[in-house]
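S.K.: only geometry, no sequence info:
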C-alpha cells in the first residue's frame, strides 16, 4: 500500500521511510487521533468564507429537504488544480480501501448523481490506491492554491474568445 505523505507523517513516519498496511489498522490510536480534530468543520467553512466562495451547509440542505447532503454544496462550482468541484465532504479519518469503497457506495455516488463532481478531504490522509474515480478529487487538506470560482474562470474564457463580427 502507498499512502499520502501527510498520512504517513501524522502517524509517526518520516520522509523516505516506508509504512506497512498493518500500521494503519484503524484501532484505538486512530480513533483517538481522529477525535482530536473537533474544529475541522469550522476550519473548512472559514476557509471557504475567507475566499469569498458561496456555499450551502449540510444543515441548509436538510432545511431544503435534500435527501442526500454532502458537508458543503457549492452553488457556483470551483476549480481546484483544474478539476471541477460542486460539493465537499470531509472525513476526519484515514481513507483506506474498505472505508472508501463503503463511502463511495453509500454517499459519494449519490452526490455524484445529484450534484456532479466533488472533493473529499480525508484529514488523516488516504491510501493512494483509492483515488480511482476522476469525478471525486481526494485530498488530505483544504487546498490553499489553485482554487478558483467557476464564474471567474467562465468570464475569463468568455473574454479570451474573440467576438464574431456581424458586418
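M.R.: Everything's here; your move. Just so it is clear, the structure is predicted and the values come from calculations on it, not from any experiment. Numbers count the residues shown, from 1 in each chain.

S.K.: lowest-confidence helix or strand of this protein?
M.R.: helix 28-35 (a mean of 39; mean pLDDT, DSSP states H and E).

S.K.: ok, then the element right after it?
M.R.: helix 40-50 (DSSP states H and E).

S.K.: Show me what that following helix is packed against.
M.R.: Packing partners of helix 40-50 (3 or more CB pairs under 8 Å, 6 or more residues apart in numbering; DSSP states H and E): strand 72-80, strand 83-91. Just so you know, the C-beta spots here come from the backbone N, C-alpha and C atoms, and that holds for glycine as well.

S.K.: Could you report the neighbour count for the spatially closest residue to residue 126 that is not a sequence neighbour?
M.R.: The shortest distance from residue 126 to any non-neighbouring residue, by CB to CB, 6 or more residues apart in numbering, is to residue 95 (2.9 Å). Residues near residue 95, counting by other CB atoms under 10 Å, number 26.

S.K.: and the closest residue in space to residue 67 that isn't next to it in sequence, which of the three is it?
M.R.: Nearest non-adjacent residue to residue 67, counting by CB to CB, 6+ apart: residue 110, 8.0 Å away. Look at residue 110: counting by DSSP: H, G, I helix; E, B strand; the rest coil, its state is helix.

S.K.: Now do residue 110 against residue 103, distance only.
M.R.: Shown here: residue 110 relative to residue 103, a distance of 11 Å by CB to CB, to the nearest Å.

S.K.: Between these two, point out the one with more neighbours.
M.R.: Counted by other CB under 10 Å, residue 110 and residue 103 do not tie: residue 103 has more neighbours, with 19 against 15.

S.K.: Wait, the more buried one touches residue 91, no?
M.R.: Yes: contact criterion CB atoms under 8 Å: residue 103 and residue 91 qualify, at 7.1 Å.

S.K.: any residues in contact with both of these two?
M.R.: Common contacts of residue 103 and residue 91, defined by CB atoms under 8 Å, 6 or more residues apart in numbering, comprise residue 120.

S.K.: per-residue pLDDT, the residue nearest to residue 89 when sequence neighbours are not counted?
M.R.: Excluding the flanking residues, the one nearest residue 89 by CB to CB, 6+ apart is residue 70, at 4.6 Å. If you check residue 70, the pLDDT there is 94.
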